[in-house]
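S.K.: Sequence first, then the predicted structure:
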Amino acid sequence: MSNGDQVIPQVLFKYRDDSERTEAIIKSQKVWLSSPAQLNDPLECRIGEIPEDWKARTIRTMEQAQLMGFIAPLPSFEPPKLLFSLSERETKQWLKRFKKLTHPRQVKAMRALYAEHGIELSRPENIFEDMRKRLSSVGVFSLSETCCNELMWAHYGANHQGIAFGFRWSGDCKLANPRHCLPVTYAREKPTFKSGFKNEVQIMAPGSGAPNILRVSFEDDVFR
């Protein structure tokens, strides 16, 4: 299967020792996905330091997008005549006061008004902490494109005395899905966020009490 320039081999291999855990893969028809902390390299799935000035600019840009969507949601960029349960007169007075506020106070006022109507806005500053948590809890199943690698046999195949499973993908299984099955990329430097990132928003039902979730999309190249 081809995904752009990426070609996923029909069969991917897992080197294993001859043990009860290996036998359990056959008996249970299940595989174990390791957390990054369980892998050999302590730097697996770790992001480098995010420059504070870039982080602050990114948060402000995302907050400005929230503000624009709040006070000028229409293509004409006309301010709304009504805000939630406020009357037309109350809305006009609220917006008049709002425009005189500094950026941080505008964000605070916007959040307060949403909260008064049972909606908790996502907080852009939380997106970075969420990213680290998601990376630390991801499950990893490492595979090889070949079953003939001597170094792999030595390290993961019980010093050439183990076995190699061949996993053939078909249909809609996760091995056939480029969102789940990714080639390992080795680089001298960690990729860094320099010019924004792809994000995704999960909209929660009004009145549910749960906040909308804003986070880095797994489709983002640096995050991947």
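M.R.: In hand now; what should we look at?

S.K.: Other residues contacting stretch 149-163?
M.R.: The contact list for stretch 149-163 (C-beta atoms under 8 Å, 6 or more residues apart in numbering) reads 15, 16, 17, 18, 22, 144, 146, 164. From N, CA and C alone the C-beta is placed, and that goes for glycine too.

S.K.: Am I right that the last one is in a strand?
M.R.: Yep, that's residue 164 we're talking about. Yes: assignment of residue 164 by DSSP: H, G, I helix; E, B strand; the rest coil places it within a strand.

S.K.: Find the nearest non-adjacent residue to it, please.
M.R.: Closest residue to residue 164 apart from its sequence neighbours, by C-beta to C-beta, 6 or more residues apart in numbering: residue 147 at 4.4 Å.

S.K.: Check what pLDDT that neighbour gets.
M.R.: You'll see residue 147 listed with a pLDDT of 95.

S.K.: Likewise for residue 29?
M.R.: 91.

S.K.: swap in the one 5 residues further on?
M.R.: Note on residue 34: pLDDT of 89.

S.K.: quick one, what contacts it?
M.R.: Neighbouring residues of residue 34 by C-beta under 8 Å, 6+ apart: 139, 140, 141, 142.

S.K.: Kindly recompute the last result at 7 Å.
M.R.: 139, 140 (C-beta atoms under 7 Å, 6 or more residues apart in numbering).

S.K.: do the same with residue 85
M.R.: residue 117.

S.K.: which SS state does it fall under?
M.R.: Under three-state DSSP, the three-state class of residue 85 is coil.

S.K.: Quick check: it vs residue 117, distance?
M.R.: 7 Å (C-beta to C-beta, to the nearest Å).

S.K.: And the furthest pair within the contacts of stretch 149-163?
M.R.: Farthest apart among the contacts of stretch 149-163 by C-beta to C-beta are 18 and 146. That separation is 20.1 Å.

S.K.: Next secondary structure element downstream of the helix or strand hosting residue 110?
M.R.: Here residue 110 is covered by helix 103-116, with elements defined by DSSP states H and E. The helix or strand immediately downstream of helix 103-116 is helix 126-137, counting by DSSP H and E.

S.K.: Is residue 31 in contact with residue 25, as I believe?
M.R.: Yes: between residue 31 and residue 25 there is a contact at 5.9 Å, judged by C-beta atoms under 7 Å.

S.K.: hang on, the earlier thing: and the helix holding residue 110, average pLDDT?
M.R.: 93.

S.K.: which of the residues in that helix are buried?
M.R.: Judged by neighbour count using 16 or more other C-beta atoms under 10 Å, the buried positions of helix 103-116 are 106, 107, 109, 110, 111, 113, 114.

S.K.: Quick check: the gap between residue 169 and residue 12.
M.R.: The gap separating residue 169 from residue 12 is 7 Å, by C-beta to C-beta.

S.K.: Out of the buried residues of helix 103-116, which two are the most distant from each other?
M.R.: Within the buried residues of helix 103-116, 106 and 114 form the most distant pair, 12.7 Å apart (C-beta to C-beta).

S.K.: Correct me if wrong: residue 166 contacts residue 13.
M.R.: Yes: taking C-beta under 7 Å as the definition, residue 166 is a contact partner of residue 13 at 5.5 Å.

S.K.: so what sits against both of the two?
M.R.: residue 147.

S.K.: which one of the two has more residues nearby?
M.R.: Counted by other C-beta atoms under 10 Å, residue 166 and residue 13 do not tie: residue 13 has more neighbours, with 20 against 11.

S.K.: Please tell me I have it right and that one contacts residue 144.
M.R.: Yes: counting by C-beta under 7 Å, residue 13 touches residue 144, with 4.7 Å between them.
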